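Undergrad: sequence first, then the predicted structure:
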Amino acid sequence: MFGAGAMTNAIDEIRDSEMMFVIGSNTTEAHPIIAMEMKRARQRGAKLVVADPREIWLAEMADIHMQLKPGTDVWLLQAMAHVIITEGLHDQDFIAKHTEGFDDVRAKVASYTPEEAEKVTGVPAEDIRTAARWYATTKHAGIYYTLGITEHTHGTDNVYCLANLVLMTGHLGVRSAGMNPLRGQNNVQGANDAGATPIYYPGYQKVTDNAVREKFEAAWNVPLSPDDGLNLNVMMKEMAAGNMKAVYVMGEDIVISEPNVSKVEKGLNQCEFVVCQEIFHNETTRFADVILPGACFAEKDGVFTNSDRRVQRVRKAVDPPGKARPDWEIICDIARAAGYQMPHYPSSKEVFAEYASLAPKIAGVSYERLEENIQGLQWPCPDPNHPGTPTLHMDGPLIGTAPFQAVDYRPSAELPDNDYPLVLSTGRTLYHYNSATQTRRDAGPVAKQERNFLEIHRGDAKRLGISHGETIRVASRRGVIEAEAWISPRVRRGCVWMPMHFAEQRANLLTNDAGDAVTGTGEYKVCAVRVEKIAEPATV
Amino acid sequence: MNATNNEKFTIQINGNECVAFTGETVVEVASRAGIDIPTLCHDPRLEPVGACRVCLVEVEGQRRMQPGCAWKVHPGMVVTTESDRIEKHRTVLYSLYAADHETDGDGVPVETANANQLRQLCDTVTTIPLEPVEAPRAARPGDDNPYIEFNPDLCILCARCTRYCDEVEAVNAITLSGRGSETTIATAGQRSLIDTSCELCGGCIDTCPTGALIEKKAPKNLVQLGSEKIRSTCNFCGVGCQLDLHISNERVVKVTSPEPGETLNDGNLCVKGRFAYDFIHHQDRITEPLIRDENGELQPATWEEAIEATAKGLLKVKERHGADSLGFISSSRCTGEENYLMQKLSRAVFGTNNIHQCAAT
């Protein structure tokens, strides 16, 4: 946002917050150590407002829990903006100096009154008012969000609404404030930074920019495609449509983690050639023509970049098992076998140096500096003498003036109906990680959570005659799986929740692959399902 | 530091002028000045309680010695951390602790899988041999949680573990229970940690100064065995916690956090970062390249064969259907360098921008 897709502020600033607005982030489970900073801020007296359809643990310790209906975030956030503007709590100096398009947003949110918002979201109007007032009038107030915001067909709109709140209150370039997406994986930030994205070369330089392309053509000594590539969601659809004929999958179990996975399986079956580079066999390797054994993090050197743009070292501690090799070496070999003059990098250090030399945001980072800076270096870090940037936008938005975005509420792609009356959201738990090939091989996570479950409201369970612990069937228009029913005080009536970790009962057989128009991110957080008792065998 | 710690002044410690700020304690000021005050119950992440009395110092104007970990500084304060009186106090205190502690043949507190700071402190004085204390402190023999072991004979009841569980992790799974010599670290109803609110973060082990809490998975004699520590970054979520991987016999046998204050995780880890490392040496790891034969069976192959099969397979599809019929799915779990190379492979070698990873999942 505002010119950089990352947390605007550093993680260790959270402890000095005066107010935290956490929306669509089950922080204690998905980012436990960031949650510890939030708990610390809370103990020091910071206010906490949580917006989440579930009563997550953070909600229990919050001043206000706005338990909105899934997919109604735009209504909630626009109503907060409505309160801020009608009560004159917006920061006129900041708006005049650093932003554009405020009047459009002012006009747009005029009709989003808290009372109307209450009808749509289920959140009491008074709570919306109080949260908006606290947020607007507290200096060190930060927004924290995760996939509960982005995994919607209107995910980009949700993000725009949050950005509007940040901009109209001037919470940018202030310590312990800002706009903070908490990234899901260890190196999802770093993968994007390094250009593993269809529209950017390393360092967020546009694929379609001729000058950029020429720079990379010169560096790599080869002509390059001027056209944007396909994002993952679209790739999966093209594969199912028979247009994508070969895939090379490194370190991801797409048959578990993508939405509507039966379509992904169909696509993989149609592919002429599938390569998997993996540390364990998983659901995706079943489709592989070639499997290349890679190395896990403890077996290779490199860097990960975390949520707050911090480049940190990964160091080899043990050898990979058997003939397995560091993944970067494998990729280089394939490039050479395909006829490209890939340099013979002596180590990952030289790979990083080449990458940094082409990506101005991290040009000042080197392995030598990372040895000295044991807390890592946060980008932007444009030259070797630059100390890194813990807090972004201290001198105003990176991009000059930041645009407000006026958006309209759009319902989620698939809403409940008579056939599929419940809303399913999916997510992660504390004890497992994504496709769980790692965590299900450890005794603790297995002891805590051995199998798939579905959180369901006691009212819905009663209506369906389902008791706690019973194995039930969950069906959507795309698939059917079984799970253990957990009657849970955490979910709203009419809503159910399921983790995505379990290969034998894949939540993503149910989810909807309708994607956000801008990012292509699938709608993991809202789809319509039916929950059924499994018929007991008739007793004679 | 806290925003309220802004007023700067000096205090005197052992005759040296030391810089101090409002709200700081003697231990904090001394530590910055490089003056070592021994502590056991002190952890910078926790509210000071002054329970163990190891850090007692002399403060001018105070008749009794005061706990440096809890005593707040004020301008012009004069502190002494080394004197005959303090020396005598420490000798008696350490001897009393040792008498209520499992000791080895030489009467020194034992050390198991983790370092025992009481043992190190006893080394700094000539302890007085005292009659061993028979403390009927309860363990949790039925606790079948796979990670955390409690040995009450090494516990000094400093309550760092219970305070960590309350103040930092905020789950309150363990608590001090009982009275007098029966006081112990307990769960509700002495249940297994698995059946409590415990999230198995293992922070209690990390903060325990005497090794009364240890990792069940680590070799019991790890201190004697010795291990190499490799600093790295956790491979699970996006927080970026720093880890020390402990290596013994070419295996990762334990994972700890760097000291509080050193890195962004401030000494903390979660259950996955600290304990979920069995996958590294798991028997299910793929250990050789595999190529699917004409019958659809995966067969072991050499690296040369696998690399060639991969390059040829991709080139063949490219020739037939064009570069944009290829898709490269990189990994947000792999390193920055590997992601850089994967997009280079996709773009420079095969000519397509169809390169992505699970950016939003």
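TA: Structure's in. What do you need?
Undergrad: the bottom helix or strand of chain B by mean pLDDT?
TA: Least confident helix or strand, chain B: helix B:222-225 with a mean of 84, by mean pLDDT, DSSP states H and E.
Undergrad: neighbours around the spatially closest residue to B:Met342 that is not a sequence neighbour, how many?
TA: Using CB to CB, 6 or more residues apart in numbering or on different chains and skipping the chain neighbours, the partner closest in space to B:Met342 is B:Ser330 (4.1 Å). In this view, the C-beta of every residue, glycine as well, is placed from N, C-alpha and C. A count of nearby residues for B:Ser330, using other CB atoms under 10 Å in any protein chain shown, gives 34.
Undergrad: got a list of what B:Ser330 touches?
TA: A:Ala191, A:Ala196, A:Met250, A:Gly251, B:Glu338, B:Asn339, B:Met342, B:Gln343, B:Ile355, B:His356, B:Gln357 (CB atoms under 8 Å, 6 or more residues apart in numbering or on different chains).
Undergrad: now the buried members of the residues you listed.
TA: Among these, the ones that count as buried by 16 or more other CB atoms under 10 Å in any protein chain shown are A:Ala191, A:Ala196, A:Met250, A:Gly251, B:Glu338, B:Asn339, B:Met342, B:Gln343, B:Ile355, B:His356, B:Gln357.
Undergrad: so which of the residues you listed are in helices?
TA: Of the positions in these, A:Ala191, B:Glu338, B:Asn339, B:Met342, B:Gln343 sit in helices, assigned by DSSP state H.
Undergrad: secondary structure class for whichever residue of the stretch 101-250 of chain B sits closest to chain A?
TA: Here the residue of the stretch 101-250 of chain B nearest chain A is B:Gly240; by CB to the nearest CB that distance is 2.6 Å. Under DSSP: H, G, I helix; E, B strand; the rest coil, the three-state class of B:Gly240 is coil.
Undergrad: isn't it right up against A:Gln378?
TA: No. Shown here, B:Gly240 and A:Gln378 do not form a contact pair, counting by CB atoms under 8 Å, at 10.3 Å.
Undergrad: can you pull the residues that touch both of these two?
TA: A:Asp308, A:Arg310.
Undergrad: off-centre distance for the least confident helix or strand of chain B?
TA: A distance of 17 Å separates the centroid of the chain from that of helix B:222-225, by CA atoms, centre = their mean, to the nearest Å.
Undergrad: pull the CA atoms of that helix into CSV?
TA: Extracted in CSV, the C-alpha atoms of helix B:222-225 (Å, rounded to 0.1, in the frame of the first residue of the first chain):
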residue,chain,number,x,y,z
LEU,B,222,23.1,-32.2,26.0
VAL,B,223,25.2,-29.8,28.2
GLN,B,224,27.9,-32.4,28.7
LEU,B,225,27.5,-33.6,25.1
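Undergrad: that one and chain A in contact?
TA: No. If you take CB under 8 Å from any CB of the partner chain as the test, helix B:222-225 misses chain A, and the best it gets is 15.4 Å.
Undergrad: what is the rounded mean pLDDT of the helix or strand just after that helix?
TA: Note on helix B:222-225: by DSSP states H and E, the next helix or strand toward the C-terminus is strand B:228-233. Per-residue pLDDT over strand B:228-233 has a mean of 96.
Undergrad: what of stretch A:481-491?
TA: Computed over stretch A:481-491, the average pLDDT equals 96.
Undergrad: and the least confident of the ones in helices among the buried ones among the contacts of B:Ser330?
TA: pLDDT across these is at its lowest for A:Ala191, which sits at 95.
Undergrad: now that residue: how far from chain B?
TA: Look at A:Ala191 and chain B: by CB to the nearest CB, to the nearest Å, they are 4 Å apart.
Undergrad: am I right that that residue is in contact with B:Gln357?
TA: Yes. At 4.8 Å, A:Ala191 counts as touching B:Gln357 under the criterion of CB under 8 Å.
Undergrad: overlap in contacts, these two.
TA: Joint contacts of A:Ala191 and B:Gln357 (CB under 8 Å, 6+ apart) are A:Thr197, B:Ser330, B:Ser331, B:Ser332, B:Asn339.
Undergrad: how about the nearest residue to the third one, chain neighbours excluded?
TA: Distances taken as CB to CB, 6+ apart put A:Gly251 closest to B:Ser331, at 3.1 Å, once the chain neighbours are dropped.
Undergrad: what's the neighbour count on the residue lying closest to B:His281 once chain neighbours are set aside?
TA: Take B:His281 and drop its neighbours on the chain: the residue closest to it by CB to CB, 6+ apart is B:Arg251, 5.6 Å away. The local packing of B:Arg251 (other CB under 10 Å) involves 16 other residues.
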